[in-house]
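Novice: Show me the folded form of this:
(3 chains)
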Amino acid sequence: MNTQTMKENINLTNMKEKSIAEIHAEHKQTIGEPFCDNVKFSTRNVDVFYADNQAIYDVSLDIGKNEVIALIGPSGCGKSTFLRCLNRMNDTIDICKVTGDLELDGTNIYSKNQDPVLLRARVGMVFQKPNPFPKSIYDNVAYGPRIHGLTKNKAELDELVEDSLRKAGLFEEVKDRLNSPGTGLSGGQQQRLCIARTIAVQPEVILMDEPASALDPIATAKIEELISDLSKNYTIVIVTHSMQQAARVSQRTAYFHLGKLIEVGETNQIFTHPRHELTERYITGRFG
Amino acid sequence: MNKVTQKVEKGLKKRYMKEKIFKACGLVSIGFAFMFLLLLLTDITIKAWPAFVQTQIELKLDLSEENLGLNAKSAQEEIKQADFRAVIRSALKKQFPDVKKRKDRKELYSLVSFGAEYQLRDLVMDNPNLIGTRSSIKLIADDDVDAVVKGTINRNDDESNRRVKNLKLSLIEGLEENNQISKQFNWTFFSSGDSREPELAGIKGAIMGSLYTILVTLLLSFPVAVAAAIYLEEFAPKNRFIDLIEININNLAAVPSIVFGLLGLAVFINFFSMPRSAPLVGGIVLSLMTLPTIIIASRSAIKAVPPSLREAALGLGASKMQTVFHHVFPAALPGILTGTIIGMAQALGETAPLLMIGMVAFIVDIPQSIGDPSTVLPIQVFLWADSPERGFLEKTSAAILVLIGFLIIMNAVAIYLRKKFEKKW
Amino acid sequence: MDNLDFNQHTSNQYNAELEDIRNALLKMGGMVEKQLKKSIQAMLQNNEKMADKVIKKDLGINAMEVKIDEECTQIIAKRQPAASDLRLIYAIIKCITDLERIGDEAEKIAKNAKFLISEGYSCEYYKSFENLSKLVIENLSQTLNSLARLDAEEALIIAKKDEIIDFEFEKLNNDIILHMSNNPHELEKTVRLSWSAKALEKIGDHTTNICEYIIYLVKGKDIRHLDIDTIEEEYF
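Specialist: Below you'll find the predicted structure:
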């Protein structure tokens, strides 16, 4: 066997190769296992429109209780949009319209009876850029419990703040300066503060929109460690651009492409032998 | 060195030269502006300086009981009625016994101000022990005397060209020889209201009028403008109606201020029968005028609040209202305050609309409330600049200085507030 | 996902690295195949020189294994390959180990051949030995072909043929044992022949392993230690 024939083979496969756009256009049905047992969040036939532009096409996906599911895909694939559907963050955008069934514990979150404020207390969110309030560390964490009236007195609130900071792995670092501004912390600490702030409301689901993309590797590692700790008690949906991160922290991975949910599966499977060609190409870095 | 480096090097000199020229242009512009400002301020300060000094004539007054027709137990009412003018005149007569002619006597009496008798009266009323004594008391000099003493009127001029005639000049010189003429800081300027007599005219009435007007303006425009800005930025639906409102707010900022005055006259005074010349109406009119300024500034301040802050609060389950008032508003406050102070400074310096609602009247009394007739600083400047008496020239400049002082204080407060709220984190 | 190609990465450098490593693998495969052929030839044609050459050349194969191994490590460290790329690297690392073993077995055959030549030994079983070697060589070269083409179907067919090799080896071995008991004075030499036959059988097993890696690479399923028929049913 010489290299000549091998190259011919490669050329042969190249000729058969379809363009990414063609594959995407042909894609109809999500490959893999979008549904699961022990469902926390179930979404069926979700379409999202920004005015006349459709951002998400017919996505059906189950999110299991206490699982970490990673949403990956190239920029503009709709993964963030989908994430924001889950706590109705899209409501703040006037031109955004969501159709389909999205159920949290069996109740439709887009029904008229569902209060978005209540929903967001149950489904917390951590954003891409650390965005602590320009207040003290303590007030940052205490803000959620205060507005929801979760604690009866100061002592209880203190305890809740400490507990949340501990869960976010930040308490030891900041215990001496709870009254100094949250914006004075380092990027990674700020992000953990944001996570602590989210946990303080005791949500059931935590949505994370690229939580480590603005952080250095060590801070990233801490956040990832934290995510795996949190997954014991919370259901976590994480959008990430780093495939290694998705591979490290999640149990299931969903691949989005141009608004379509292409493939869902066990993370191990997605990263060793994805079933869909687009997933394969994205994961191996063969994207135009 | 390769070709590219050579080319870059060739052009480098030219580029740096351009930079230098631009820097120089900037410096020249700044220098130019600064020079003019300095010129203006120096000119005004020099002109205003005499206004802060008051000339006084010290006279030996016979305040005996028979002279005044009073005794130590007289009631305040009686003191008020007493003839202090006669006391002053007799003191003058005594000092200059040579002046006999009726016309000359008049000149003699006009050495002291028309207001001197009231000054004396107030002094005696405050201090009844003076009754029955002979004491030297400093009285306010007439504006002509003031002008001669300060040198505004040149003594060496020909008599025909001089406002102060030879006789009076000799009297003044007589007083000077006796060391009876003295100068001191002009407290009257800051403690009394307007007057026809320059030496008695003060700015307090205008200051109080301005303060009341600005207070009304602030109380009305700040909450309204902030509420409007927050609603438009955070709550308003995006539709044509709101767009229309936005456009009109921007247009309103460009409306000539006198139009607001006309509006005030037609609506508030004629229709609602509010008092004329009052800070209340002035404040309302000025707040109409400053509203668009504050709204526009507040909106851009609110817009500048990073969306991540709103998302953070919403993501925690804060309601829209909580998000806005707990996070967006405090973050935008420094910008809002700056806009407000700019609007207030604009209102403080505004004349045209106030002319329309009668705040241009000659008002002697110092206003005690927002309903009292009053005038404001810029209008006081305008009124004095219009007066023929020489003494008002320096008062005009002094009033301008006071106005500028006020603006500087307001800006300083604005900067302080901004720093304070920004410093928070 | 049966169409694998390792081009079209966004990084051209990555494409080149993967292609280099694949070329090196195929070259190593070619070398090993040649070694095996030559060792058999040396034995059947009593060519001692050739046997020496084979023994010497095995060092080159060992060096090649080390080199490819290192390149694979570097790609893992630099590129963090995923999915098909990951499977390719994994399969290559596995393949070169088996190829190196095949090389060792070929060397063993050459050493045995040298001994037998020096003893001037020859017997009637050389014919069946030649037949067995032909089967093994054919399997190996077909495997290398399917490795180049990434042809999982062919790899499965080849893997199935290992049974025939085992059967032929068993037959030959029985004959040699019979021969041994009949001619105990030739025991030292017949044992060598038996060893060579055993080496061929082992080469067949290694070849089967390589086929399994090809199937893993293409299909993404690890089929080692599974029954071939179930594999066929489930994955093809």
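Novice: With just CA atoms, put stretch A:241-252 into PDB.
Specialist: Extracted in PDB, the C-alpha atoms of stretch A:241-252 (Å, rounded to 0.1, in the frame of the first residue of the first chain):
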ATOM      1  CA  HIS A 241     -17.800  27.400  23.200                       C
ATOM      2  CA  SER A 242     -15.100  25.200  24.700                       C
ATOM      3  CA  MET A 243     -15.700  21.600  23.600                       C
ATOM      4  CA  GLN A 244     -13.200  20.400  26.100                       C
ATOM      5  CA  GLN A 245     -15.300  22.100  28.800                       C
ATOM      6  CA  ALA A 246     -18.500  20.500  27.600                       C
ATOM      7  CA  ALA A 247     -16.700  17.200  27.600                       C
ATOM      8  CA  ARG A 248     -15.400  17.700  31.100                       C
ATOM      9  CA  VAL A 249     -18.400  18.900  32.900                       C
ATOM     10  CA  SER A 250     -21.500  17.500  31.200                       C
ATOM     11  CA  GLN A 251     -23.200  14.200  31.100                       C
ATOM     12  CA  ARG A 252     -25.200  14.900  28.000                       C
END
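Novice: tell me the mean pLDDT over it?
Specialist: Taken as a whole, stretch A:241-252 has an average pLDDT of 91.
Novice: just stretch B:343-357 next, same as before
Specialist: Average pLDDT, stretch B:343-357: 89.
Novice: And stretch A:191-205, by the same measure?
Specialist: 91.
Novice: Please apply the same query to stretch B:197-216.
Specialist: 90.
Novice: Could I get the buried residue list for it?
Specialist: Neighbour-count burial for stretch B:197-216 flags B:198-214, B:216 (criterion: 16 or more other CB atoms under 10 Å in any protein chain shown). C-beta here means a position set from N, CA and C on the backbone, and glycine is covered the same way.
Novice: So which of the residues you listed sit within helices?
Specialist: Here DSSP state H is the test, and these give B:204-214, B:216 as lying in helices.
Novice: Pull out the buried residues from the helix ranked longest in chain C.
Specialist: Secondary structure of chain C per DSSP H: the longest helix is helix C:83-119. Neighbour-count burial for helix C:83-119, counted by 16+ other CB under 10 Å, picks out C:83-117.
Novice: Next: stretch B:299-317.
Specialist: B:299, B:301-302, B:305, B:309-317.
Novice: who's in contact with the residue in the stretch 151-288 of chain A that chain B sits nearest to?
Specialist: Nearest residue of the stretch 151-288 of chain A to chain B: A:Pro181, at 4.3 Å (CB to the nearest CB). By CB atoms under 8 Å, 6 or more residues apart in numbering or on different chains, the contact list for A:Pro181 reads A:134-137, B:425.
Novice: Please repeat the previous calculation with a cut-off of 10 Å.
Specialist: A:132-137, A:139-140, B:424-425 (CB atoms under 10 Å, 6 or more residues apart in numbering or on different chains).
Novice: Any idea what it is bridged to?
Specialist: A:Ser136 (DSSP bridges).
Novice: Verify the stated contact: A:Leu119 with A:Cys85.
Specialist: No: using CB atoms under 10 Å, A:Leu119 is not in contact with A:Cys85; the gap is 11.1 Å.
Novice: joint contacts of these two?
Specialist: Joint contacts of A:Leu119 and A:Cys85 (CB under 10 Å, 6+ apart) are A:91, A:109-110.
Novice: now the strands: where do they sit in the stretch 1-150 of chain B?
Specialist: Assigned by DSSP state E, counting those that start in this stretch, the stretch 1-150 of chain B shows strands spanning B:53-62, B:134-140.
Novice: so what's A:Ile223 up against?
Specialist: With CB under 10 Å, 6+ apart, A:Ile223 has these contacts: A:126, A:168-169, A:188, A:191-192, A:195, A:208, A:211-212, A:215, A:238, A:245, A:249.
Novice: for C:Ile96, that is, sorry about that
Specialist: C:21, C:24-25, C:28-29, C:32, C:61, C:64-69, C:72, C:103, C:210.
Novice: Out of these, which is nearest to chain A?
Specialist: For these, the nearest to chain A is C:Gly29 (6.3 Å; CB to the nearest CB).
Novice: Please identify which helix or strand holds the closest one.
Specialist: helix C:12-44 (DSSP states H and E).
Novice: if we can go back for a sec, in TSV: the buried residues of stretch B:299-317, plus distance to chain C, pLDDT and secondary structure.
Specialist: Below are the buried residues of stretch B:299-317 laid out as TSV (distance: CB to the nearest CB, whole Å; pLDDT from 0 to 100; DSSP: H, G, I helix; E, B strand; the rest coil):
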residue	distance to chain C	pLDDT	secondary structure
B:Arg299	44	93	helix
B:Ala301	43	92	helix
B:Ile302	42	93	helix
B:Val305	38	91	coil
B:Leu309	36	90	helix
B:Arg310	36	90	helix
B:Glu311	32	89	helix
B:Ala312	33	91	helix
B:Ala313	38	92	helix
B:Leu314	36	90	helix
B:Gly315	32	89	helix
B:Leu316	36	89	coil
B:Gly317	38	88	coil
